[in-house]
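Colleague: Return a 3D structure for these sequence lines:
(2 chains)
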Amino acid sequence: MKTLNRRDFAVDLGLALAATILLPVTTARADDNMEVHIDNFVFQPAELKIKLGTTVTWMNRDDIPHTIVSAGKFRSKTLDTDDKFSFTFTNAGDYKYFCSLHPHMTGMIKVE
Amino acid sequence: MSGHDHGDDGVSRRKVLECMTWAGTGVLWTVTGGVPRSLGIIDSAQAATADAPGMTFLQISDSHVGFDKPANPNALGTLEEAVNKINAMPVKPSFMIHTGDITHLSKAAEFDNAERIISQTKLDVHYVPGEHDFIDEEVKFYRERYGRGTKGQGWYSFDAGGVHFIGLVNVVDLKAGGLGNLGAEQLAWLEDDLRGKSKSTPVVLFAHIPLWTVYPEWGWGTEDGGRALEYVKGFGSVTVLNGHIHQVMQKVEGNVTFHTARSTAFPQPAPGAAPSPGPMKVEDAKLRSMLGVASVNFKQNEQRLAIIDTPLQG
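Modeller: You can find the predicted model right below:
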């Protein structure tokens, strides 16, 4: 169990909505496993707040390959359609990341 | 759209804009008296080519060999169709440039397949890489094949027909939130490369991502492209040839003509016309009409550009 502050709740609600709309098979999941989808050259959600130790999995749902790169922190291989990349966050902090092929695509993981 | 609209007497601005919504698999360029003029690849270009003296060259782009999704399950096939059209030309061009994204995923087999088809033109091909050509694990397949004799990440220059050609790489070391990138090392090389060149030498710059800002929201531009353009400011004739956006766009700014070529693989939407720059899904019957061929005709000291677009089919 965890306590939800208002902001966490809003993020979770947003995720739940996104999951409902974009990925009906995804069910609510524990905090140690979160997903970010790439649709239409956009990371969804663009910003994600997670607890220490959480694993985030990115999935490319575009017809064009993308990458997930956080300078000095992590770098995925090239993800073709439906490919996934996971990273477990073991240090608190803000992780800015982007697609090195389409650098206008940016996202943020906040680990507390 | 056919060539009859685009005689030597030029073309109305309206017609140019109209044509810009179409695109081509390749562009035929000819150099007469040291000034590059584009004549268009295939049918409509042939009459002009037959009596045009000087050097001609082709531009193809974004063949994305390995792409197999809607609207084109066979990008290798449409590349072959473009090559067949090139081979059917009555006058053989001097050489060809390929402005990148040869492959879709930088796989060795994709490079090999592209080479197998493109070599059927029996033309020298001068390549620059697209971002899709640098995504193999070790980033070595492009360089092994096309990096010989190049500088840095693969840039180089050469002279042909009295024109100075410069191939630039703007798909490496891209910064979060940014656009295409040339980088300080390449810009220094470019400045040096142009030093001492007569200002009357026509210059052709070619690179994958447009060197001018087409639509930054989709990353269609080059962060430091303006720096490169500063170095060619004093030259009388400058032509910038790019790919990446899978559609024809043109603009003229003073002595500089900018042109983007079409893909041989799949169309992409006009800027802002779709939620993303991803492949346009069009009906099978319509695909080849959107992979038509394009040509540009331009003359020194004239602001007007004539674009001839001939669909691959229809």
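Colleague: if I've got this straight, B:D136 is in a helix?
Modeller: No - using DSSP: H, G, I helix; E, B strand; the rest coil, the secondary structure at B:D136 is coil, not a helix.
Colleague: And for it, the neighbour number?
Modeller: B:D136 is flanked by 19 other residues according to other Cβ atoms under 10 Å in any protein chain shown. Every residue, glycine included, has its C-beta placed from N, CA and C.
Colleague: Wait, B:A207 touches B:L168, no?
Modeller: Yes - B:A207 is within contact range of B:L168, at 4.0 Å (criterion: Cβ atoms under 8 Å).
Colleague: anything in contact with each of those two?
Modeller: Applying Cβ atoms under 8 Å, 6 or more residues apart in numbering or on different chains, one finds that B:A207 and B:L168 are jointly contacted by B:V128, B:L182.
Colleague: So for residue 70, what's the pLDDT?
Modeller: By default, I'm working from chain A. Model confidence at A:S70, given as pLDDT, is 97.
Colleague: that's the wrong chain, I wanted chain B
Modeller: For B:P70, pLDDT reads 89.
Colleague: Kindly report the same for B:S237.
Modeller: pLDDT at B:S237 comes out at 87.
Colleague: excluding its backbone neighbours, what's nearest it?
Modeller: Spatially, and ignoring its direct neighbours in sequence, B:S237 is nearest to B:P202 (4.1 Å; Cβ to Cβ, 6 or more residues apart in numbering or on different chains).
Colleague: now the one you found: how far from chain A?
Modeller: 33 Å (Cβ to the nearest Cβ, to the nearest Å).
Colleague: can you count the residues close to that residue?
Modeller: B:P202 has 20 nearby residues by other Cβ under 10 Å.
Colleague: was I right about it contacting B:N255?
Modeller: No - checked against Cβ under 8 Å, the pair B:P202 and B:N255 is beyond contact range at 10.0 Å.
Colleague: who touches both of the two?
Modeller: B:F235, B:G236, B:S237, B:V238.
Colleague: Dihedrals phi and psi, the residue most central in space within chain A?
Modeller: Closest to where the C-alpha atoms of chain A average out (Cα atoms, centre = their mean) is A:V36, at 3.0 Å. Main-chain torsions, A:V36, degrees, to the nearest 10: phi -120, psi 130.
Colleague: Skipping adjacent residues, who's closest to it in space?
Modeller: Closest to A:V36 by Cβ to Cβ, 6+ apart is A:W58, at 4.8 Å.
Colleague: Could you list which residues are in contact with the one you found?
Modeller: A:E35, A:V36, A:H37, A:I38, A:F43, A:I68, A:S76, A:L79, A:K84, A:F85, A:S86.
Colleague: got it, and A:T67?
Modeller: By Cβ under 8 Å, 6+ apart, the neighbours of A:T67 are A:R75, A:S76, A:K77, A:T78, A:L79, A:C99, A:S100, A:L101, B:I135.
Colleague: Quick check: ChimeraX command selecting the buried ones in those residues.
Modeller: Only the buried entries of the contacts of A:T67 go into this ChimeraX selection, using 16 or more other Cβ atoms under 10 Å in any protein chain shown:
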select /A:76,78,79,99,100,101 /B:135
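Colleague: List the contacts of stretch B:147-161.
Modeller: B:31, B:34, B:54-55, B:57, B:94-95, B:126, B:128-129, B:142-143, B:146, B:164-169, B:172, B:185-186, B:189-190, B:193.
Colleague: change it to 6 Å
Modeller: The contact list for stretch B:147-161 (Cβ atoms under 6 Å, 6 or more residues apart in numbering or on different chains) reads B:31, B:55, B:129, B:165-169, B:172, B:185-186, B:189, B:193.
Colleague: Give me the nearest residue to the residue of the stretch 101-250 of chain B found nearest chain A, chain neighbours excluded.
Modeller: Of all residues in the stretch 101-250 of chain B, the one sitting closest to chain A is B:A176 (3.7 Å; Cβ to the nearest Cβ). Of all residues not flanking B:A176 in the chain, A:F98 sits nearest, at 3.7 Å (Cβ to Cβ, 6+ apart).
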